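Visitor: What follows is a predicted protein model with its sequence.
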Amino acid sequence: MLVNLLNNLIEKKYYSKKLVIQNKLDVFYAMSKISDEDYTALTLKVEEKYKEEVIEATEVTGPSTEENVESED
């Protein structure tokens, strides 16, 4: 029942941040509330559903400062 609830929360992206749901999964796993197989499946689902978060973070970063420095030769 807990696994079904967690699965539904992940599917609907109930939590706005990937870190929040991943921390919850980690706690349930550490307390032996979910099995190894369930933890793995849910973690993979989190990676799939929250992958936009990683893409957005890389798009926000601008060019490095090394590219902005011109040679004085």
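Guide: Structure's in. What do you need?
Visitor: buried ones in whichever strand or helix holds Asn23?
Guide: Applying DSSP states H and E as the criterion places Asn23 in helix 18-30. For helix 18-30, burial by neighbour count (16 or more other Cβ atoms under 10 Å) applies to 18, 21-22, 24-25, 28-29. For the C-beta atoms, the positions are set from N, CA and C on the backbone; glycine is no exception.
Visitor: Not counting sequence-adjacent ones, nearest residue to Tyr29?
Guide: Residue nearest to Tyr29 in three dimensions, not counting chain neighbours: Tyr39, with 4.3 Å by Cβ to Cβ, 6 or more residues apart in numbering.
Visitor: The one you found: what's it in contact with?
Guide: Residues near Tyr39 by Cβ atoms under 8 Å, 6 or more residues apart in numbering: 25, 28-29.
Visitor: From the residues you listed, pick the one nearest Leu44.
Guide: In terms of Cβ to Cβ, no member of the contacts of Tyr39 lies closer to Leu44 than Leu25, at 10.8 Å.
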